[in-house]
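[1] Give me a model of this one.
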Amino acid sequence: MQVGDPFTEKLLIEACLELMSTDAIVAIQDMGAAGLTSSSFEMASKGGLGIEMDLDAVPMREEGMTPYEIMLSESQERMLMVLKPGREALAKAIMDKWELDFAVVGVLTDSGRMVLKRHGAVVADLPIDPLALASPEYDRPWTAPAKRPVVDAKDVPAVCPAEALKILVACPDLASRRWIYSQYDHMVMGDTVGRPGGDAAVVRIHGTDKAVGITTDVTPRYVLADPYEGGRQAVAEAYRNLSAVGALPMAITDNLNFGNPEKPEIMGQIVEAIRGMGQACTELDFPVVSGNVSLYNETQGNAILPTPAVGGVGLLEDVSKAVSVPFKSAGSNIVLIGETKGWLGASLYLREIAKREDGAPPPVALHRERRAGELVRQLIGDGLVLACHDVSDGGLLVAVAEMSMASDGHIGAQLDAPHTLPLHAWCFGEDQGRYVLEVSDNDLASVLEEAAEHDTTARVIGKTGGHVISVGGRAVPVSELFEANEGWLPSYMGEEMSGH
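    Now for the predicted structure:
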């Protein structure tokens, strides 16, 4: 595996931005899979030109590399650019300033061919378009995964919600990632408004009042259970994360990670996941603008969980209106947006508490997803929401706990569960399209009225206050949840938790 260097990547970004502010660049492309080969062939093909390249000029980390290795090396932190004639010295000065390698490695031609030279001799002379435009297309056989039965909550053991919550917040899926993100500078230039740990990062567009929301998400166990629904859910979750901070979802990039596509069952996962993702992108007006694919991810014949990761970006016109996860004060109303049916199939409760990994995943009603997102963004834009968090892994009680754990002073919550559902299903069901809002008394009527106008379910489920989370007559201190949530990853990595 190539080794990435985030610091060098940051230098490269800044250097390219500085060079882009001049008129020196004609075209530019990063180097990903297949390294210099893909970037050079693709750029030349798009321009209808040829390239003559001197491989001796290419900066190399190893001595004695062959032309084959030079062209296919996937070393990171590299860009290929076409410069206007006479601008080479300017570009080199900027790269030198940022302590980056710079080399003129070739020239454009009108031949439509890639001519590679090493030690003065031609080592390759290939037509460009056949490689860039005529890649092979495979129509592999595939089998659709068998549908799993719906899990009835009454057939799942009901454990004390306080005890179950302590177990869930300390499981690998939900444990805090602070140990990781605290090791990196996430406050560069002071434009990070929504810091790590929330539904989406919020980064101010430098020098403006606008900001972008940024998120990544996927739930591999859903995709394994039903690739079509899992693909829809991955897109919907990214949409929900952005809406939860007040950002209008604009576009996604996808990263399709699967096992060996030559196996019909794996190819079936790929086909169905993409079909689900495509439908969600269409119905949510959330287009795919880029992406990549990683296949054959197997160890001793066992594939990874199907993981079509989705990265989403959204726009906030006014960064001051962005909303975050932590509860802000005691005595606020806790409002649940969206329908709750207590769906426990493929849930974390089922896996961690009942020790089962079966059942169909929660269905995604995209029309309700869109309505709920539009409602939440409007409420945030109107200043009616103090805090917001989408409901996903672990269900409603986990979402509330995360809002409490993130708050200053660990503000607790007292919840009133309805009697229409089993308590464990209401607390931990992973029904989609839901948000938890913190709303003041003064704004509650307006929030409920707006929800009714959007034909979206909204219900007051409790109040903030104290330092425990209570439901169904049982309570757990937020501090205990916090210690469990923060402690798992440092413990797993063999380090003591400190400074949190």
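
[2] So which elements touch the lowest-mean-pLDDT helix or strand in the chain?
    Lowest mean confidence among the helices and strands of the chain (mean pLDDT, DSSP states H and E): strand 192-194, at a mean of 83. Judged by 3 or more CB pairs under 8 Å, 6 or more residues apart in numbering; DSSP states H and E, strand 192-194 is in contact with strand 201-204. The C-beta positions use only the backbone N, C-alpha and C, and glycine is treated the same way.

[3] any idea how far the strand it packs on is from the chain center?
    14 Å (CA atoms, centre = their mean, to the nearest Å).

[4] just to revisit the earlier point, pairing partners for the least confident helix or strand of the chain, with directions?
    strand 201-204 (antiparallel) (DSSP bridges).

[5] Let's test this: mean pLDDT of the partner strand, rounded?
    Strand 201-204 shows a mean pLDDT of 94.

[6] now what about that strand, what contacts it?
    By CB atoms under 8 Å, 6 or more residues apart in numbering, the surrounding residues in contact with strand 201-204 are 191-195, 210-215, 245, 247, 316, 319, 322.

[7] Now with 10 Å, please.
    186, 188-195, 210-216, 241-242, 245-247, 313-314, 316, 319-320, 322-324 (CB atoms under 10 Å, 6 or more residues apart in numbering).

[8] Can I get it in PDB, CA atoms only?
    C-alpha atoms of strand 201-204 as PDB (Å, rounded to 0.1, in the frame of the first residue of the first chain):
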ATOM      1  CA  ALA A 201     -18.000  19.100   9.400                       C
ATOM      2  CA  VAL A 202     -18.800  22.800   8.700                       C
ATOM      3  CA  VAL A 203     -16.000  24.800   7.100                       C
ATOM      4  CA  ARG A 204     -16.300  28.500   6.300                       C
END
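
[9] buried stuff in stretch 202-214?
    Of all the residues in stretch 202-214, those buried under the rule 16 or more other CB atoms under 10 Å are Val202, Val203, Arg204, Ala211, Val212, Gly213, Ile214.

[10] how about those in TSV, adding distance to Asp416?
    Formatted as TSV, the buried residues of stretch 202-214 follow (distance: CB to CB, whole Å):
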residue	distance to Asp416
Val202	32
Val203	37
Arg204	38
Ala211	35
Val212	37
Gly213	32
Ile214	35
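
[11] ok, so of these, who is nearest Asn297?
    Ile214 (24.9 Å; CB to CB).

[12] ok, and the closest one, which helix or strand is that part of?
    strand 211-217 (DSSP states H and E).

[13] Equivalent analysis for Val122, please.
    With DSSP H and E as criterion, Val122 is part of strand 121-127.

[14] Partner strands of that strand, with direction?
    Strand 121-127 has these strand partners (DSSP bridges): strand 113-118 (antiparallel).

[15] Any idea how far the strand it pairs with is from the middle of the chain?
    39 Å.

[16] mean confidence for that strand?
    Strand 113-118 comes out at a mean pLDDT of 97.

[17] Stretch 137-147 now?
    The model assigns stretch 137-147 a mean pLDDT of 93.

[18] Can you get me the start-to-end distance on it?
    29 Å (CA to CA, to the nearest Å).

[19] Repeat that for stretch 336-350.
    22 Å.

[20] buried sites along it?
    336-338, 340, 342-350.

[21] got a list of contacts for the least confident helix or strand of the chain?
    Counting by CB under 10 Å, 6+ apart, 185-186, 200-204, 211-215, 245-247, 316, 319-320, 322-325 sit against strand 192-194.

[22] picking up where we left off before, okay, the helix or strand just after the strand holding Val122 in PDB with CA atoms only?
    Next along the chain after strand 121-127, taking DSSP H and E as the criterion, comes helix 128-133. Output of helix 128-133 as PDB, limited to C-alpha atoms (Å, rounded to 0.1, in the frame of the first residue of the first chain):
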ATOM      1  CA  ILE A 128      -3.700   7.500 -26.500                       C
ATOM      2  CA  ASP A 129      -7.400   7.100 -27.200                       C
ATOM      3  CA  PRO A 130      -7.500   3.300 -27.300                       C
ATOM      4  CA  LEU A 131      -6.200   3.300 -23.700                       C
ATOM      5  CA  ALA A 132      -8.200   6.300 -22.500                       C
ATOM      6  CA  LEU A 133     -11.500   5.700 -24.200                       C
END
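
[23] by contact count, what packs against the helix or strand following helix 128-133?
    Using DSSP H and E, the helix or strand that follows helix 128-133 in sequence is helix 161-169. Applying 3 or more CB pairs under 10 Å, 6 or more residues apart in numbering; DSSP states H and E, we find helix 161-169 packed against helix 348-352, helix 396-406, helix 423-428, strand 468-471, strand 474-477, helix 478-492.

[24] could the ones you listed be laid out in a markdown table, adding distance to Thr143 and mean pLDDT?
    Shown next, in a markdown table, are those (distance: least, CB to CB, whole Å; pLDDT from 0 to 100):
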| stretch | distance to Thr143 | mean pLDDT |
| --- | --- | --- |
| helix 348-352 | 25 | 98 |
| helix 396-406 | 35 | 98 |
| helix 423-428 | 32 | 98 |
| strand 468-471 | 43 | 98 |
| strand 474-477 | 45 | 97 |
| helix 478-492 | 36 | 95 |
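
[25] can you put these in JSON lines and add distance to Ala413?
    Listed next are the helices and strands packed on helix 161-169 as JSON lines, based on distance: least, CB to CB, whole Å:
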{"stretch": "helix 348-352", "distance to Ala413": "19"}
{"stretch": "helix 396-406", "distance to Ala413": "5"}
{"stretch": "helix 423-428", "distance to Ala413": "12"}
{"stretch": "strand 468-471", "distance to Ala413": "5"}
{"stretch": "strand 474-477", "distance to Ala413": "10"}
{"stretch": "helix 478-492", "distance to Ala413": "9"}
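
[26] Can you tell me which of the ones you listed is nearest to Glu163?
    Nearest of the helices and strands packed on helix 161-169 (CB to CB): strand 474-477, 7.8 Å.

[27] Need the contact partners of the closest one.
    160-166, 169, 397, 401, 404, 410, 412-414, 423, 466-470, 483-484.

[28] List buried residues within the residues you listed.
    Here, 16+ other CB under 10 Å leaves 161-162, 164-166, 169, 397, 401, 404, 410, 412-414, 423, 466, 468-470, 483-484 buried among the contacts of strand 474-477.

[29] where does the stretch 351-500 of the chain dip in pLDDT?
    Across the stretch 351-500 of the chain, the ranges flagged by pLDDT under 70 are 495-500.

[30] again, only using 50
    497-500 (pLDDT under 50).

[31] Quick one: distance of the strand holding Val122 to the chain centre.
    Centre to centre, stretch against its chain (CA atoms, centre = their mean), the figure for strand 121-127 is 41 Å.

[32] got the phi/psi numbers for Pro261?
    Torsion angles at Pro261 (phi, psi; degrees, to the nearest 10) stand at phi -70, psi -10.
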